[in-house]
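Enquirer: Structural data only, the sequence is not supplied:
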């Protein structure tokens, strides 16, 4: 279970990011959460796959800021926005900027905290 903890933390934080966004726009949080989460969830899965691929032959550290955290964050953001665009969901520039910042805080922040505590 410990091996999957970093992925579960990332997944939970992506869900929290989406729930906060829906709530801040007075949208039904639970009723439409899956619609908001799925693009970023797939982006997160892609990010994890790319991070593991990059680490091939070396020991993969899911808690590392570089390259794991940065790759996972970038793929979650870019993949999520691309999938939102092709599915007809909004990708306004202001949303991309806010999403980039919040996802960085969430997906990189816990990794930075772990590094600081070690």
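Expert: Perfect, I can see it now. On a predicted model such as this, the values are computed, not experimentally measured, just so you know.
Enquirer: Backbone dihedrals for residue 57, both of them.
Expert: Reported as degrees, to the nearest 10, the phi and psi values for residue 57 are phi 80, psi -20.
Enquirer: again with the one 5 residues further on
Expert: Residue 62 adopts backbone torsions of phi -70, psi -20, taken as degrees, to the nearest 10.
Enquirer: My read is that it contacts residue 6, right?
Expert: Yes - if you go by C-beta atoms under 8 Å, residue 62 and residue 6 touch, sitting 3.7 Å apart. C-betas here are computed from N, CA, C, even on glycine.
Enquirer: contact partners of stretch 36-50?
Expert: Stretch 36-50 is contacted by residues 7, 10-11, 14-15, 17-18, 21-22, 62, 71-84, 87, 89, 103 when judged by C-beta atoms under 8 Å, 6 or more residues apart in numbering.
Enquirer: Just the buried ones among the residues you listed, please.
Expert: For the contacts of stretch 36-50, a neighbour count by 16 or more other C-beta atoms under 10 Å gives the buried set as 10-11, 14-15, 17-18, 21-22, 62, 71-77, 79-81, 83-84, 103.
Enquirer: centre of the chain versus the helix or strand where residue 85 lies, how much separation?
Expert: Using DSSP states H and E, residue 85 maps to helix 70-86. Average the C-alpha atoms of helix 70-86, do the same for its chain, and the two points are 8 Å apart (C-alpha atoms, centre = their mean, to the nearest Å).
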